[in-house]
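**Student:** This is a predicted model, with the sequence first.
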Amino acid sequence: MSLRVYNTLTRKKEEFVPLEHKEVKAYVCGVTLYDELHLGHARYAVVFDIIRRYLEYKGYKVNYITNFTDIDDKMIARAQSLGVSISELAEKFIGEYFAQMQQLGVKKADCHPRATEHIKEVIELIKKLEDRGLAYSTEGDVFFRVKRFPSYGKLSHQNLEDILTGVRVEVDEKKENPFDFALWKKSKENEPSWDSPWGKGRPGWHIECSAMAMKYLGENLDIHGGGKDLIFPHHENEIAQSEGVTGKTFVRYWLHNGLVRMKNAKMAKSTGNVLTLSHALSNYKGEVVRYFLLSAHYRSPLDYNENSLQEAASSLNRVYSLLGKIEKETSGAATFEKGKIPSQLEELSDKFIRAMDDDFNTPVALSTIFEMTKEANLLLAEPLSRSSMFFLSEVANRIRYLGRILGLFQKKEKKKLNQRTEQVLKILIEIRDKFRQEKKWDLADEIRKKLENIGIQLEDKKKGTRWEIERLTEG
RNA sequence: GGCGGCAUAGCCAAGCGGCAAGGCAGAGGACUGCAAAUCCUUUAUUCCCCGGUUCGAAUCCGGGUGCCGCCUCCA
């Protein structure tokens, strides 16, 4: 089965064939470090983490790069208002980024380059563009000469005239053409700056990505990704800069994830329409947030509302609950009949893979997990035969195996109490049982209620009272 | 104004020419002293509206309506 991906450049799903046989070079635009992350950033990170994992599952060796933009206007402004240096600001948010990504189960990239560590490469690139007449400098600024790059607009499918009718571009005296964009910005006083052939300044926003992508991955990338809001102008400009220098196709497959919406509008810092990641993660486990982010196809907008994470938690719980039951039922049974993998399970596994092959359709992939869950639950409702034990253990294996691709369903055991605490808890349960035998329900219920308040759940079963700690929905 | 996307049950969300996946919530049932949790069953004669193409359309075409994104920083 072959993987098909939707390419923004061609607006079609295409078979994915990397340049080199079993290697994939992927660059994904990361975040600008001027403020807290929100759910939108989490989506980009999780989506491309899945894409990477799936490519690895397919047997590719993926060289995966995602960057930090650690110098730009907003960072300068933010650092000033907080009274810290720009690098302090960057360090703070980089620390948060990694901590939160770990909670979300996002694997580290092979490299996380930073703009400020690649000034030399940026300057080299600009010099080459100048040599080719694709860039010009005025008063310490350097601009890209859009008119000299005929295919400008090919990614966003606009031509220059169309773009120019978008009235909102401010006229800048220094530019030859309103849509020329800054490659190098002259620095003002008290701003961080680097020496360059054009005087002290700093890189424009788009050039760093070209520089870093080419440094680590070469002149031809297989995949370049990011949020849909980066298509224009950021990625369009990257193409212009990179192909302007190399004359080669910069990127074979442009992949863009849809944006997270809240209250029917894009989630964005500029509008304050934001749910921060730290807030989400303080109420729900990273896996819950991750599940939520995968519940819609990656290219669709994803609607967030106040119930979204609770729903995700409930869904995830259903699967974990099944896994727990299977582990319990099959652990003692050393000899279940090992037969062929039931065809039903094969079919569902195939369906999972077919869904992922079809432009990473995670909602359909997830649905197959739930279908397996349902089949297993049906078996569990009846006395277990050896062959049904085999089926059950195979369901658990499949869910773990396929789940690994999505970075879900991997959690093993629940947290254990230490021995002493467990003994205390058992004593409490014994006493409560006496109350129950004496039908002193109010006292029994009070104990149950108070334990629940500290995160211990009591379940009265026929065979006695079971206790359980740590629920998935907690942070 | 230019470019693009979306409208599927109470909610989230797949499907993109051949009987409408999946999840959450709801309802009914099992279990329980009661709960909670869990499990089972059930929930769209129909996919925004109007036309058309087709043996057959949520899926294709034309025309509406509504919402959203990009065109300025943005995952």
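**Tutor:** That came through fine.
**Student:** quick one, domains of chain A?
**Tutor:** Partitioning chain A according to automatic domain parsing yields domains covering residues A:4-291, A:320-406, A:419-469.
**Student:** could the ones you listed be laid out in a markdown table, adding mean neighbour count, mean pLDDT and distance to A:Ser314?
**Tutor:** C-beta here means a position set from N, CA and C on the backbone, and glycine is covered the same way. As requested, the domains of chain A are exported to a markdown table (neighbours: other C-beta atoms under 10 Å; pLDDT from 0 to 100; distance: least, C-beta to C-beta, whole Å):
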| stretch | mean neighbour count | mean pLDDT | distance to A:Ser314 |
| --- | --- | --- | --- |
| domain A:4-291 | 19 | 93 | 9 |
| domain A:320-406 | 17 | 89 | 10 |
| domain A:419-469 | 13 | 86 | 15 |
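**Student:** For A:Ala312, find the nearest of those.
**Tutor:** Distances from A:Ala312 to each of those were compared using C-beta to C-beta; the minimum, 4.5 Å, belongs to domain A:4-291.
**Student:** mind pulling up the phi and psi values for the closest residue to RNA strand B within the stretch 101-250 of chain A?
**Tutor:** Of all residues in the stretch 101-250 of chain A, A:Gly227 sits closest to RNA strand B, at 2.4 Å by C-beta to the nearest atom of the strand. Backbone torsions of A:Gly227, given as degrees, to the nearest 10, read phi -70, psi 160.
**Student:** just to revisit the earlier point, just send the domains of chain A back as a markdown table, with distance to A:Tyr304 too.
**Tutor:** Putting the domains of chain A into a markdown table (distance: least, C-beta to C-beta, whole Å) gives the following:
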| stretch | distance to A:Tyr304 |
| --- | --- |
| domain A:4-291 | 5 |
| domain A:320-406 | 16 |
| domain A:419-469 | 26 |
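**Student:** Give me the distance from stretch A:395-410 to the chain's centre.
**Tutor:** Chain-centre distance of stretch A:395-410: 18 Å, with C-alpha atoms, centre = their mean, to the nearest Å.
**Student:** try stretch A:277-295
**Tutor:** Using C-alpha atoms, centre = their mean, the offset of stretch A:277-295 from its chain centre is 11 Å.
**Student:** and if you look at stretch A:303-310?
**Tutor:** What separates the centre of stretch A:303-310 from the centre of its chain is 17 Å, taken as C-alpha atoms, centre = their mean.
**Student:** Convert that stretch to PDB, retaining C-alpha atoms only.
**Tutor:** As requested, C-alpha coordinates have been extracted for stretch A:303-310 and formatted as PDB (Å, rounded to 0.1, in the frame of the first residue of the first chain):
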ATOM      1  CA  ASP A 303     -13.200  23.300  16.700                       C
ATOM      2  CA  TYR A 304     -12.500  23.600  20.300                       C
ATOM      3  CA  ASN A 305     -15.200  24.200  22.900                       C
ATOM      4  CA  GLU A 306     -15.400  23.800  26.600                       C
ATOM      5  CA  ASN A 307     -16.400  20.100  26.400                       C
ATOM      6  CA  SER A 308     -13.800  19.100  23.900                       C
ATOM      7  CA  LEU A 309     -11.200  17.900  26.300                       C
ATOM      8  CA  GLN A 310     -13.600  16.100  28.600                       C
END
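**Student:** what about it, near RNA strand B?
**Tutor:** Yes - applying C-beta under 7 Å from any atom of the strand, one finds stretch A:303-310 in contact with RNA strand B at A:Asp303, A:Asn305, A:Asn307, A:Ser308, A:Gln310.
**Student:** Spell out, range by range, the strands that occur in the stretch 251-400 of chain A.
**Tutor:** A:251-257, A:260-262, A:265-266, A:302-304 (DSSP state E, counting those that start in this stretch).
**Student:** Turn those into a markdown table, including distance to A:Thr8.
**Tutor:** Written out in a markdown table, the entries for these read as follows (distance: least, C-beta to C-beta, whole Å):
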| stretch | distance to A:Thr8 |
| --- | --- |
| strand A:251-257 | 4 |
| strand A:260-262 | 18 |
| strand A:265-266 | 18 |
| strand A:302-304 | 18 |
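**Student:** Can you show me the strands along the stretch 101-250 of chain A?
**Tutor:** With DSSP E, counting those that start in this stretch as the criterion, the stretch 101-250 of chain A has strands spanning A:135-138, A:141-144, A:182-186, A:201-203, A:221-227.
**Student:** which one of the residues of stretch A:303-310 next to RNA strand B sits closest to RNA strand B?
**Tutor:** Nearest to RNA strand B among the residues of stretch A:303-310 next to RNA strand B is A:Asp303, at 4.0 Å by C-beta to the nearest atom of the strand.
**Student:** and that closest one, bridged to which residues?
**Tutor:** A:Arg261 (DSSP bridges).
**Student:** Not counting its neighbours along the chain, what's nearest A:Gly204?
**Tutor:** Setting aside the residues directly before and after it, A:Gly204 is nearest to A:Ala182 in space (C-beta to C-beta, 6 or more residues apart in numbering), at 3.6 Å.
**Student:** which residues touch the one you found?
**Tutor:** In this structure, A:Ala182 makes contact with A:Asp141, A:Val142, A:Phe143, A:Phe144, A:Gly204, A:Trp205, judged by C-beta atoms under 8 Å, 6 or more residues apart in numbering.
**Student:** picking up where we left off before, for A:Asn63, which of the strands of the stretch 251-400 of chain A is the nearest?
**Tutor:** Comparing those by their distance to A:Asn63 (C-beta to C-beta), the top pick is strand A:251-257, with 14.0 Å.
**Student:** strands paired with that closest one, and their directions?
**Tutor:** strand A:221-227 (parallel).
**Student:** Now the partner strand - C-alpha only, PDB.
**Tutor:** What follows is strand A:221-227, C-alpha atoms only, in PDB (Å, rounded to 0.1, in the frame of the first residue of the first chain):
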ATOM      1  CA  LEU A 221      13.500  18.800   0.800                       C
ATOM      2  CA  ASP A 222      10.900  16.100   0.600                       C
ATOM      3  CA  ILE A 223       8.500  17.700   3.100                       C
ATOM      4  CA  HIS A 224       8.000  21.200   4.400                       C
ATOM      5  CA  GLY A 225       5.200  21.800   6.800                       C
ATOM      6  CA  GLY A 226       3.500  24.200   9.000                       C
ATOM      7  CA  GLY A 227       0.100  25.800   9.800                       C
END
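**Student:** for RNA strand B, what are the nearby residues on the stretch 301-450 of chain A?
**Tutor:** By C-beta under 7 Å from any atom of the strand, the part of the stretch 301-450 of chain A that sits against RNA strand B consists of A:301-303, A:305, A:307-308, A:310-311, A:314-315, A:317-318, A:321-322, A:325, A:358, A:361, A:363-364, A:366-367, A:370-371, A:373-374, A:377-378, A:380-381, A:436, A:441, A:444-445, A:448.
**Student:** quick one: A:Cys209 and A:Glu139, what's the gap?
**Tutor:** 25 Å (C-beta to C-beta, to the nearest Å).
**Student:** meant to ask about A:Gly227
**Tutor:** For A:Gly227, the distance to A:Glu139 under the criterion C-beta to C-beta works out to 33 Å.
**Student:** ok, the one helix or strand A:Gln100 maps to near RNA strand B or not?
**Tutor:** According to DSSP states H and E, A:Gln100 maps onto helix A:86-104. No - Helix A:86-104 lies apart from RNA strand B when judged by C-beta under 7 Å from any atom of the strand; the minimum separation is 10.6 Å.
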